[in-house]
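A.B. asks: Next input, structure requested:
(2 chains)
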Number of protein chains: 2
Amino acid sequence: MLKAVDELRRELGEEAVSTDPDDLEYHGYSEISTSNTDERPIAVVRPQSTEQVSAIAKICTKYKVPMVPFGAKSSMEGNYSSPFSGICIDMCEMDKIVEFHPQDMDIVVQAGVNWTVLNEEIKDTGLFLPPDPGPTALIGGMVATNCSGTNAMRYGAMKDYVVNLTVVLADGTIIKTRHRPRKTSAGYNLNSLFTGSEGTLGIITQATLKLAVLPTNLSAAAAAFGSVHQAVAAASTMIRSGLPLAALELMDDQQMRSINKSGGTAGRMWEENPTLFLKFSGTENSTKDSVKAAQAICRTHGARTFDGVYGEKEIDSLWSARKRALFAAIAEQPKGAMVWGTDVAVPISRMADLIEESRAKATGLDLWNSVLGHVGDGNFHQAMFYLPNDAIGKNKVADCVDTMVKRAIEMEGTVSGEHGIGIGKKDCLLKELGPSTIGVMKALKDALDPHWLLNPGKVFDE
Amino acid sequence: MLKAVDELRRELGEEAVSTDPDDLEYHGYSEISTSNTDERPIAVVRPQSTEQVSAIAKICTKYKVPMVPFGAKSSMEGNYSSPFSGICIDMCEMDKIVEFHPQDMDIVVQAGVNWTVLNEEIKDTGLFLPPDPGPTALIGGMVATNCSGTNAMRYGAMKDYVVNLTVVLADGTIIKTRHRPRKTSAGYNLNSLFTGSEGTLGIITQATLKLAVLPTNLSAAAAAFGSVHQAVAAASTMIRSGLPLAALELMDDQQMRSINKSGGTAGRMWEENPTLFLKFSGTENSTKDSVKAAQAICRTHGARTFDGVYGEKEIDSLWSARKRALFAAIAEQPKGAMVWGTDVAVPISRMADLIEESRAKATGLDLWNSVLGHVGDGNFHQAMFYLPNDAIGKNKVADCVDTMVKRAIEMEGTVSGEHGIGIGKKDCLLKELGPSTIGVMKALKDALDPHWLLNPGKVFDE
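C.D. replies: Have a look, this model is predicted:
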């Protein structure tokens, strides 16, 4: 490995290669990860071009050194950690918008571009990139994880926005998956193969992304229910009725309590009940019609309160409760505690059962826990706290996650709706898909990365 | 091969295996294909279950016999022909709806289910499967080709509707790609890898498909323009303005002439100019607002006529022109002639240029030709006629297709937006993507089908 580091320095220059202990620690450990390992990268490299990434891959392949692509460090399942050490490839300096084609509604960006910066840059053209994960996330990691967020219900996940990718393969070969058509049936879908592969099949250095039209008219609503079942049933009815939902989120009673504890929102205190947060887009008239229709449906399903709002300021104020959910929850964290945030997705008909089961189990074990759901996708997160040195407490949390994942599989769901597998869920993935299907994935891995040098120890083991 | 046929008869019974010459001819030749070959399958097998398909694959692998999956015979690029003979696997008897989950908005079907039958079966639940290729198409072929149609602009292509696939691999292994989550980030995206792989990586026997909510309110419009450029510019402006377009189709002047020649629609004769056909969905008010907004945009871009309609009957009548486009064009076919129907997709900013260039070239060569475009996706079809025994005429058509494809690539487009590669476009695909990217696709093929027995001679050569 040291020889590889020397050669990287010669190839890319001293400044591009760091072995500073703090830098290695920063790139190898995270407080929000479910699965840290003891190993750290031996060096962090900051390439500035696809060609430099290719040079890095050639050197790593020559010395059989692991390569771990690194973005914003916002993933949750140890996706970017370095369990076999190796070279951490930090994409932060590849942060350029390369081309913008407003007429074609696409944009070409390097992997290190941040999505909120991108959207700020282009907002005057009336276009935006819909997937909305954590605000620090970078495009490369977003593609590698197939992330999504609150916009996924209406706009889909990251995979739905990839027009083409520039990818560096393990041996340093540079490929471009496609030109710039919005639709194609020509050859295998390499966009979707690399999207969500967590850097284990190739290193994404550049992407052309579809953009969507920013909605000009929005309305929003919040409705509190007596139970999660009622809230999900109302959500389901709204979807089936064809309402133009731009977002459909669930916060449970604990989440609402956290919001109130943190001072409420803009002076407002909330009902501490499972609450749906809705957004509608359309014409000025239709957004108003939608709120009325949603109100009728929510009332039918036993909503205790229903607030419909119009106008940017009112909508932002209402949605600030949803926006602040994570921070409000973290504010309840005992000193020194860590958060275990995980996600599953199940068919929507089973979602309420699984949320209530999961909450009951964690509460029964005296664990602080809360649930946040992207209802339209049957996807939700449960957050729990544990103290790193309290083995019993940590085991309790692990047991809850284990049971939730097992039940999600029994309900025909998936062990991760948007966070990916990383290190944390390798066993879960095997349980979800079984050895034959994982065997196909491993055959693909063998074909593209025969020495398993790309982000080894993630998704599945050799 | 004969030994394999004998063993198939023993395994599946005499009735499941046909060597009737008419049957072989039917499965090996098509008048609408751009690329027939002289070879025919040695036998046609009609399995009734995934297990039987697995048994067929095991026998074919044992004797190293090619396997060619066969659906409705509606593909255009020789996707199901048998250039190396072998066993044709006709999925027509696997035509059962296995499970329907209206609450989860998904349906589990065998590969031989027809999409129009499926939609008729479930329409009372207010749900439908959006992709709308040729009306005879079967689900297995639709997934294998990643087909789309007029609904793609609003609803996406077939790949966007695959929740999971049951696939028989070359060696007979049966895998299921996923359970039933609507969203997932767990492991590699095998759904998208098999979707569009044209039966070269595995045989799709069953699929779980997402369904969408049938729109309750529609409006429609048709607008005639002085040029294709004007029409596409209007289309582009409508998309960017965020209008809730359910469909956005272009028929050129020749298409409109064909419609008139065939007697017009419901007594109506049309302007023989490039014409946009639009559909809007939403609330009752918003569909009316959308027509008004579209009219203003079309006028700005020089529309000569604009007809907006509401009500099911009026909409059906207006859209019958678009629906009858193919039949009206084929009615112009000289006796004994064949149609060469092909498709490309380019960034929308280049679409009008490419359509006008392609029309001018074909017209300059005295070829009857017409264009039909799915404008929102930058995807269009050019149809031309040729007499099979007229080598010069056929070469002219081939030259036009060649030039169109070459120009599409130069414009950063793709050589097929929805028909796939089959035999007809293997060279084009290589030109589009280059040897490194095709090399990755071949590595995947090698990994999953080491003896190249699955639909050999399609997509690319060994």
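A.B. asks: CA atoms for contacts and neighbours, from now on please.
C.D. replies: OK.
A.B. asks: what's the helix or strand that residue A:317 is a member of packed up against?
C.D. replies: Assigned by DSSP states H and E, residue A:317 belongs to helix A:312-323. With contacts taken as 3 or more C-alpha pairs under 8 Å, 6 or more residues apart in numbering or on different chains; DSSP states H and E, helix A:312-323 sits against strand A:218-224.
A.B. asks: switch to 10 Å and redo it
C.D. replies: Contact analysis of helix A:312-323 by 3 or more C-alpha pairs under 10 Å, 6 or more residues apart in numbering or on different chains; DSSP states H and E lists strand A:218-224, strand A:245-251, helix A:253-261, strand A:275-281, strand A:305-310, helix A:325-331 as its packing neighbours.
A.B. asks: Relative to residue A:365, which of the ones you listed is closest?
C.D. replies: For the helices and strands packed on helix A:312-323, the distance to residue A:365 is smallest for helix A:253-261, at 15.7 Å, taking C-alpha to C-alpha.
A.B. asks: What are the buried residues along the closest one?
C.D. replies: Neighbour counts over helix A:253-261 (16 or more other C-alpha atoms under 10 Å in any protein chain shown) mark A:253-260 as buried.
A.B. asks: Including pLDDT, could the residues you listed go into CSV?
C.D. replies: What follows is these, written out as CSV (pLDDT from 0 to 100):
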residue, pLDDT
A:253, 97
A:254, 96
A:255, 96
A:256, 97
A:257, 97
A:258, 96
A:259, 96
A:260, 96
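A.B. asks: Regarding residue A:272, what is its secondary structure?
C.D. replies: coil (DSSP: H, G, I helix; E, B strand; the rest coil).
A.B. asks: OK, contacts around it?
C.D. replies: By C-alpha atoms under 10 Å, 6 or more residues apart in numbering or on different chains, residue A:272 lies in contact with A:224-226, A:251-260.
A.B. asks: go again using 6 Å as the cut-off
C.D. replies: Counting by C-alpha atoms under 6 Å, 6 or more residues apart in numbering or on different chains, residue A:272 touches A:253, A:256-257.
A.B. asks: quick one, strands of the stretch 351-462 of chain A?
C.D. replies: A:369-374, A:379-386 (DSSP state E, counting those that start in this stretch).
A.B. asks: Including mean neighbour count, could those go into CSV?
C.D. replies: Output for these, formatted as CSV (neighbours: other C-alpha atoms under 10 Å in any protein chain shown):
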stretch, mean neighbour count
strand A:369-374, 24
strand A:379-386, 24
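A.B. asks: So which bits of the biggest helix by length in chain A are buried?
C.D. replies: Using DSSP state H, we find that the single longest helix of chain A is helix A:426-448. Along helix A:426-448, these residues count as buried under the neighbour rule (16+ other C-alpha under 10 Å): A:426, A:428-433, A:437-438, A:440-448.
A.B. asks: So which of the residues you listed reach chain B?
C.D. replies: By C-alpha under 6 Å from any C-alpha of the partner chain, the members of the buried residues of helix A:426-448 lying near chain B are A:437, A:443, A:447.
A.B. asks: what about the closest residue to the second one other than its chain neighbours, distance to residue A:186?
C.D. replies: It refers to residue A:443. Using C-alpha to C-alpha, 6 or more residues apart in numbering or on different chains and skipping the chain neighbours, the partner closest in space to residue A:443 is residue B:447 (5.8 Å). Separation of residue B:447 from residue A:186 (C-alpha to C-alpha, to the nearest Å): 20 Å.
A.B. asks: Same check on residue A:7?
C.D. replies: 40 Å.
A.B. asks: Quick one: residues contacting residue A:358.
C.D. replies: Residues near residue A:358 by C-alpha under 6 Å, 6+ apart: residue A:404.
A.B. asks: if you set the cut-off to 10 Å instead, what comes out?
C.D. replies: Neighbour list for residue A:358: A:352, A:364, A:369-371, A:382, A:400-401, A:403-405, A:407 [criterion: C-alpha under 10 Å, 6+ apart].
A.B. asks: Stretch A:231-244 and chain B, are they touching?
C.D. replies: Yes. With C-alpha under 10 Å from any C-alpha of the partner chain as the criterion, chain B is reached by stretch A:231-244 at A:233, A:236-237, A:239-244.
A.B. asks: For ChimeraX, what selects the buried ones among these?
C.D. replies: Selection of buried members from the residues of stretch A:231-244 next to chain B for ChimeraX, criterion 16+ other C-alpha under 10 Å:
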select /A:233,236,237,239,240,241,242,243,244
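A.B. asks: Rebuild the residues of stretch A:231-244 next to chain B as a markdown table, extending it with distance to residue B:137.
C.D. replies: Output for the residues of stretch A:231-244 next to chain B, formatted as a markdown table (distance: C-alpha to C-alpha, whole Å):
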| residue | distance to residue B:137 |
| --- | --- |
| A:233 | 35 |
| A:236 | 31 |
| A:237 | 32 |
| A:239 | 28 |
| A:240 | 27 |
| A:241 | 29 |
| A:242 | 27 |
| A:243 | 30 |
| A:244 | 30 |
